[in-house]
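**Student:** Could you work out the structure for the sequence below:
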Amino acid sequence: MNVNVSRRGFLIGSAATTTALLVGVNAKGALAATASEAPMTDFNPFVKIDADGTLSVVIKHFEMGQGTTTGLTTLVAEELDADWSRVKTEFAAADNKKYANLFFSIQGTGGSTSIANSYMQYREAGAAARDLLIRAAAQSWGVDPSSITIEKSVLKSGDKSGHYGEFIAIATTLTPVEKPTVKTPDQFRLIGDASLHRKDNNSKTDGTAIFAMDVNLPGMVYAAIFRAPKFGGTVTSFDDSEAKKVGGFIAAQVLPNKAGVVAYGKNTWAAFQARDALSIEWDFSKAETRSTDKMIEDHKALLDAPQFNANHEASLDDVAPLLKGAAKTIDAEFTFPFLVHAPLEALNCTIEPVGKGVRVHDGCQMPALTVPTVAGILKLDPSLVEVRTLYAGGSFGRRANPQADYNAEAAMAFDLMGRKVPVKLVWSREDDIRGGYYRPMAAHRAKIGLDDSGKIVAWDHRLAVKSIMKGSLFEGMIKDNVDPTSVEGVSESLYTVPNFGIGLSDFQTPVPILWWRSVGNTHTAYAMETLMDMLAHETGQDPIELRLAMLDPNGANQARMINAIKLVRDMSGWKKGDKRGFACHFSFNTCVAVVADITVSDETSVHVDKLYMAVECGVAINPDVIRAQMEGGAGFALAAIMRDQITLSEGEVEQSNFPDYELLRNAEMPAVEVGIVESNNAPTGVGEPGVPPTGPALANAIFAKTGKRIFDLPMTKAGFDFV
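**Tutor:** Alright, predicted model coming up:
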């Protein structure tokens with residue numbers, strides 16, 4: 001994941017209207033400097049310094065609560081020795097060329113990559129600005145640049161001092177160095193500071209932070225959509241006579257793709273009430289009509305003869321004779337349900353007419369997808385689609401849909417309304433729960449062969465799951481018909497496993513699916529870590545010692561995982577024979593190890609007492625943010641693993657809101673102790689890696705306490721309840 005930022009080059013200039021120093025990256029890769037007051041259309045500034053000395057950091061990644069704003073700001077402020085209290089932030093404009101994610105090559109946030117892909121990019125932007133200011137001050141004062149220091153946004157040399165803004169006029173005339181010198185870890189003042197407060201804390205506390213749901217424009221019309229009750233259904237006709245009786249009702253129209261009918265109202269309530277009053281006839285000839293039990297059965301049938309080989313080092317045919325000759329085998333079959341993301345801020349998007357184009361107001365996770373989607377529907381040049389990125393109340397993958405589904409719906413609703421007034425599309429919670437784009441249902445079947453000494457001789461692992469990437473913008477990442485998001489966590493396991501055959505089958509269904517916080521790792525980690533616990537039990541080994549023995553200390557990521565395991569072992573005071581649960585997992589280039597302590601009463605009532613979590617994620621930019629992400633990931637995982645599922649009855653979703661799709665409640669959240677492995681390596685992801693090992697750690701704790709294995713999720717299907 002190393003990114004060569006230097007080849008892209010730094011550019012400095014001045015703002016179009018007010019004197020300011022801008023430092024960023026030229027999309028063409030050329031180094032340049034200018035004092036011109038003309039706007040620079042090929043320039044993407046990350047650093048802005050105004051005449052009053054205020055430092056603003058331009059945030060190229062979307063903020064949905066994961067702490068990206070604070071992290072990216074820390075990188076720049078560190079290199080500039082800025083006064084944290086005077087640093088401001090602003091979201092970058094939607095521009096795929098200027099603000100691309102360096103790992104994806106498009107502008108977007110996801111895959112726990114925000115800090116990892118921007119680490120050197122933002123640090124070098126800050127370091128370049130620092131160098132320019134120091135040289136400008138040296139020229140102004142007539143001193144040697146080496147005599148100048150910066151502390152809390154103030155430059156000093158002897159008895160001379162001045163804030164950033166006093167030197168920007170000269171700085172804009174200088175040429176930036178080709179490769180600015182960044183700080184060494186021993187010089188860090190802000191990076192690694194656990195007491196550093198988040199940049200969005202105050203605005204989110206006092207209500208001044210603007211979320212997409214807050215958008216309220218003059219003359220705005222509200223829209224709500226009645227979608228097909230079975231996925232893949234289409235409208236044949238509708239009657240709005242009852243909707244016309246709703247106060248504030250404006251109109252109703254069939255969407256161009258016939259996926260539903262949009263109702264317009266003078267406010268959200270009117271739009272919702274009118275929508276619910278519509279009578280619609282549907283064509284379900286191409287819709288999903290199966291129930292959950294049948295879909296599980298069909299997943300399992302695909303395990304009998306996998307369609308694709310997901311490990312070229314060993315095929316299932318290669319391992320079959322080895323398994324036949326094994327002294328003993330461990331067999332297991334797992335099933336996993338559909339899961340919904342359920343961000344607390346329901347999906348919404350506002351589109352308003354602006355000149356010859358439009359402005360999209362959205363908690364926009366993937367501008368690179370939103371812009372062409374809206375432009376295509378409205379038949380506009382993409383340059384005429386402006387995206388105003390706002391805060392979002394969670395996403396967990398939902399707002400990163402390659403189909404940009406809710407943006408597309410908003411564009412269709414705006415178009416049908418005549419494009420003359422702003423239109424705000426709002427999803428209800430029921431729309432969200434029943435609206436699809438779920439974590440896919442999945443099934444696993446594994447057979448592990450052991451020799452007389454308990455060593456693995458072969459492992460046959462089969463998965464059936466619908467591909468997320470097929471048919472999407474990211475289809476190019478599929479190789480040999482294997483979607484990497486379907487098998488990640490199995491195919492990328494850090495364990496040394498001889499003769500590891502992996503077979504994959506693609507399940508087919510009209511139910512739209514999507515990545516869900518940690519994507520394929522949500523099911524692969526559970527299967528792998530349950531199997532590892534079964535292996536430890538079968539061979540009489542301590543679960544932690546078994547993992548350590550199966551990790552090669554000479555492998556870079558294996559060594560990192562060993563460090564995480566040892567840290568959580570020490571934190572938790574783990575002892576062989578403890579009736580506790582352990583699991584670890586590598587995802588998003590990060591290692592997380594978890595110990596779960598639980599209390600079981602009446603054999604099936606489980607209370608999760610405490611989780612110990614150790615994370616190895618490279619240098620800890622913001623330790624408090626890392627801890628929050630581990631805690632949040634654990635809570636997110638627990639609700640899903642314990643009781644959540646989306647089920648279908650003859651194709652229709654049975655759940656509708658939080659009473660039957662329960663999030664974790666405060667009283668259920670266990671104490672969580674997070675340890676961070678010290679490292680000076682480049683940072684890796686933290687938004688998602690806390691999710692995968694939490695579930696199997698709980699499952700293994702339940703086995704340790706009760707002797708019962710849980711193979712079909714959620715855990716309530718096995719008769720357990722959680723108190």
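**Student:** my guess is Ala287 meets Gly436, correct?
**Tutor:** No - using CB atoms under 8 Å, Ala287 makes no contact with Gly436, being 11.7 Å away. Using the backbone N, CA and C atoms, a C-beta is placed for each residue, glycine as well.
**Student:** Settle it for me: which of these two has more neighbours?
**Tutor:** Of the pair Ala287 and Gly436, Gly436 is the one with more neighbours under other CB atoms under 10 Å, namely 22 against 19.
**Student:** ok, that one touching Pro512?
**Tutor:** Yes - using CB under 8 Å, Gly436 is in contact with Pro512, at 4.1 Å.
**Student:** Overlap in contacts, these two.
**Tutor:** By the contact definition CB atoms under 8 Å, 6 or more residues apart in numbering, Gly436 and Pro512 are jointly contacted by Phe231.
**Student:** and Val606, which of the three is it?
**Tutor:** Following DSSP: H, G, I helix; E, B strand; the rest coil, Val606 is assigned to strand.
**Student:** what does the one 3 residues further on give?
**Tutor:** For Asp609, the reduced secondary structure class is strand; criterion used: three-state DSSP.
**Student:** roughly how far is stretch 46-61 from the heart of the chain?
**Tutor:** Remark: stretch 46-61 is offset 26 Å from the chain centroid, using CA atoms, centre = their mean, to the nearest Å.
**Student:** in it, what's buried?
**Tutor:** If you call a residue buried by 16 or more other CB atoms under 10 Å, then stretch 46-61 has these buried ones: 46-51, 53-61.
**Student:** got it, and stretch 502-518?
**Tutor:** By 16+ other CB under 10 Å, the buried positions in stretch 502-518 come out as 502-507, 509-518.
**Student:** Mind picking the two most distant members of these?
**Tutor:** Ile502 and Pro510 (27.1 Å; CB to CB).
**Student:** quick one, phi/psi of Val691?
**Tutor:** When read as degrees, to the nearest 10, the backbone of Val691 gives phi -70, psi -50.
**Student:** what's around it, how many residues?
**Tutor:** Neighbour tally, Val691, other CB under 10 Å: 30.
**Student:** Next: Ala82.
**Tutor:** So Ala82, with other CB under 10 Å, has 29 neighbours.
**Student:** need the contact list for it.
**Tutor:** Going by CB under 8 Å, 6+ apart, Ala82 touches Leu55, Val76, Lys152, Ser153, Leu190.
**Student:** Could you rerun that using 10 Å?
**Tutor:** 49, 53-55, 57, 73-74, 76, 126, 129-130, 150-154, 164, 189-190 (CB atoms under 10 Å, 6 or more residues apart in numbering).
**Student:** Can you give me the distance of it to Leu55?
**Tutor:** As judged by CB to CB, to the nearest Å, Ala82 and Leu55 stand 5 Å apart.
**Student:** Then Pro693?
**Tutor:** Distance from Pro693 to Leu55, counting by CB to CB: 38 Å.
**Student:** now swap in Pro683 and tell me
**Tutor:** Pro683 sits at a distance of 22 Å from Leu55 (criterion: CB to CB).
**Student:** Grab the two from the buried residues of stretch 46-61 that are most spread out in space.
**Tutor:** Put simply, by CB to CB the two of these set farthest apart are Ala51 and His61, 27.9 Å from each other.
**Student:** Work out the gap between the helix or strand that contains Ala129 and the centre of the chain.
**Tutor:** Element membership for Ala129, per DSSP states H and E: helix 114-141. Distance, stretch centre to chain centre, for helix 114-141: 29 Å (CA atoms, centre = their mean).
**Student:** Stretch 300-311 now?
**Tutor:** From the chain centre to the centre of stretch 300-311 is a distance of 28 Å (CA atoms, centre = their mean).
**Student:** mind listing what's buried in that stretch?
**Tutor:** Lys300, Leu302, Leu303, Pro306, Phe308, Asn309, Ala310, Asn311.
**Student:** Report the lowest-confidence entry in the residues you listed.
**Tutor:** Lowest in pLDDT among these is Asn311, which has 95.
**Student:** Provide a list of residues in contact with that residue.
**Tutor:** 318-319, 459, 461, 482, 487, 490-491, 497, 499-504.
**Student:** what does Asp200 give?
**Tutor:** Contacts for Asp200 (CB under 10 Å, 6+ apart) come out as Glu63, Gly65, Gly67, Thr68, Thr69, Thr70, Thr73, Thr89, Ala209, Tyr391.
**Student:** Repeat the analysis, applying 7 Å as the threshold.
**Tutor:** Glu63, Thr69, Ala209 (CB atoms under 7 Å, 6 or more residues apart in numbering).
**Student:** Thr370 now?
**Tutor:** Residues in contact with Thr370 (CB under 7 Å, 6+ apart) are Val360, Asp362, Cys364, Val387, Ala404, Asn407.
**Student:** number of nearby residues for the second one?
**Tutor:** Counted with other CB under 10 Å, residues neighbouring Asp362 total 29.
**Student:** Nearest residue to it in space, please, no chain neighbours.
**Tutor:** Leaving aside its chain neighbours, Asp362 sits nearest to Cys349 (4.8 Å; criterion: CB to CB, 6 or more residues apart in numbering).
**Student:** host element of that neighbour?
**Tutor:** Going by DSSP H and E, Cys349 is in strand 348-354.
**Student:** for that strand, packing partners?
**Tutor:** Applying 3 or more CB pairs under 7 Å, 6 or more residues apart in numbering; DSSP states H and E, one finds that strand 348-354 contacts strand 357-362, helix 405-416, strand 423-426.
**Student:** Can you list the residue ranges for helices in the stretch 51-200 of the chain?
**Tutor:** 68-80, 114-141, 168-171 (DSSP state H, counting those that start in this stretch).
**Student:** what's the pLDDT at the residue most central in space within the chain?
**Tutor:** Nearest residue to the geometric centre of the chain (CA atoms, centre = their mean): Gly110, 4.4 Å. Predicted confidence (pLDDT) for Gly110: 95.
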